[in-house]
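Novice: everything below, folded, please.
(one chain, ligands or ions: 1)
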Amino acid sequence: MPRLNVNIDHVATVRQARGGTEPDPVVAASMAELAGAKGIVVHLREDRRHAQLRDLEVLRKTVQTKLNMEMAPTVAMANIAKKIKPEMATLVPEKRQELTTEGGLNVVKHFQKIKSTVNALKKENILVSLFIDPDPKQVEKSFETGAQMVEIHTGTYADTKSEKAMERELIKIENAVDYALDIGLRVSAGHGLNYFNVEDIALIEGIEELNIGHSLISRAMLVGMDTAVRDMVVLCGD
Ligand code: PXP
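Specialist: Down below sits the predicted model:
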């Protein structure tokens with residue numbers, strides 16, 4: 001069963017709403033770890049709309065499990081990752097106007113740029129994952145970049161309204177996971193997962209980790225971080 005990694009971006013979103021110092025995503029990360037999270041995920045966006053460089057710097061010193069830095073595949077972000085040295089980096093597409101990461105990387109189209117970012121990070125002994133849609137072409141190209149892992153985008157699955165469409169998306173995800181494993185990639189999944197839709201994804205064999213943010217942080221606001229993480233750990237079967 002997959003390990004749960006908690007994405008703490010939205011703790012930073014609330015802090016940034018007032019531009020102050022609370023709530024502190026660093027404290028949230030420690031609480032998530034105490035409750036059973038096996039990793040902490042932070043997306044340092046180019047527009048710095050939630051997490052700040054300071055958060056990464058302090059988290060690097062405090063995270064006890066594993067720090068996964070989400071970042072755009074750019075030279076500037078790779079230089080920051082080299083200084084922070086997270087255990088892992090996940091390359092994601094970024095658009096300024098989007099509310100959240102919309103879809104996976106187009107590795108087929110941006111192959112050279114992604115490959116050179118993968119190389120730069122691997123030289124620093126950072127494990128590299130590519131966030132991609134459940135599409136065999138993207139899986140294959142991801143392998144060719146030299147990345148060791150892919151994170152399968154579950155957003156379309158999470159957004160579907162009908163049971164039939166959900167079933168179709170689930171099959172796409174299962175096929176992408178199988179193909180990635182077959183060609184030697186490690187696999188995680190995430191985006192849009194919540195307390196009601198996570199179990200079917202957690203049951204897919206071969207997914208090592210689930211990266212969950214918005215639903216978990218939303219629930220933590222109401223019931224506390226400890227309960228929110230523990231309940232999700234149970235659903236992940238971890
Ligand atoms: N995985 C990736 C690559 C993401 O960009 C995000 C959102 O920041 C997540 C997982 C978590 O998505 P959600 O906040 O919808 O749980």
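
Novice: C-alpha only now, for contacts and for neighbours.
Specialist: Will do.

Novice: contacting residues for the nearest residue to Arg230 once chain neighbours are set aside?
Specialist: Excluding its sequence neighbours, the residue lying closest to Arg230 (CA to CA, 6 or more residues apart in numbering) is Ala35, at 5.8 Å. Ala35 sits next to Met225, Asp226, Thr227, Val229, Arg230 when contact means CA atoms under 8 Å, 6 or more residues apart in numbering.

Novice: let me see the backbone angles for Asn5.
Specialist: The phi/psi pair for Asn5 (degrees, to the nearest 10) reads phi -110, psi 130.

Novice: how about Met69?
Specialist: phi -90, psi 120.

Novice: surely it and Lys85 touch.
Specialist: No. With contact defined as CA atoms under 8 Å, Met69 does not count as touching Lys85 (9.1 Å).

Novice: compare those two (neighbour count), which wins?
Specialist: Met69 (23 against 20; other CA atoms under 10 Å).

Novice: got the contact list for the more buried one?
Specialist: Met69 makes contact with Val41, Val42, His43, Leu44, Ala81, Pro86, Met88, Ala89, Thr90 under the criterion CA under 8 Å, 6+ apart.

Novice: try it again at 6 Å.
Specialist: Contacts for Met69 were tallied using CA atoms under 6 Å, 6 or more residues apart in numbering; they are Val41, Val42, His43, Ala89.

Novice: tell me the one among those nearest to the ligand.
Specialist: Nearest to the ligand among the contacts of Met69: His43, at 6.3 Å, using CA to the nearest ligand atom.

Novice: so where do the helices sit in the protein?
Specialist: 9-18, 25-34, 53-62, 75-84, 111-123, 136-145, 155-159, 163-182, 198-202, 214-223, 225-236 (DSSP state H).

Novice: what helices or strands is the fourth one leaning on?
Specialist: It refers to helix 75-84. Judged by 3 or more CA pairs under 6 Å, 6 or more residues apart in numbering; DSSP states H and E, helix 75-84 has no packing partners among the helices and strands.

Novice: now the angle from it to helix 53-62?
Specialist: Between helix 75-84 and helix 53-62, the angle comes out at 30 degrees (axes from the mean of the first three to the mean of the last three CA atoms, to 10 degrees).

Novice: helix 75-84 to helix 111-123, inter-axis angle?
Specialist: 10 degrees.

Novice: report the backbone C-alpha coordinates of helix 75-84 in PDB.
Specialist: What follows is helix 75-84, C-alpha atoms only, in PDB (Å, rounded to 0.1, in the frame of the first residue of the first chain):
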ATOM      1  CA  VAL A  75      17.500  26.500 -14.700                       C
ATOM      2  CA  ALA A  76      16.600  29.000 -12.000                       C
ATOM      3  CA  MET A  77      14.500  26.400 -10.000                       C
ATOM      4  CA  ALA A  78      17.200  23.800 -10.500                       C
ATOM      5  CA  ASN A  79      19.700  26.200  -9.000                       C
ATOM      6  CA  ILE A  80      17.500  26.600  -5.900                       C
ATOM      7  CA  ALA A  81      17.100  22.900  -5.600                       C
ATOM      8  CA  LYS A  82      20.800  22.400  -5.700                       C
ATOM      9  CA  LYS A  83      21.100  24.700  -2.700                       C
ATOM     10  CA  ILE A  84      18.200  23.200  -0.800                       C
END
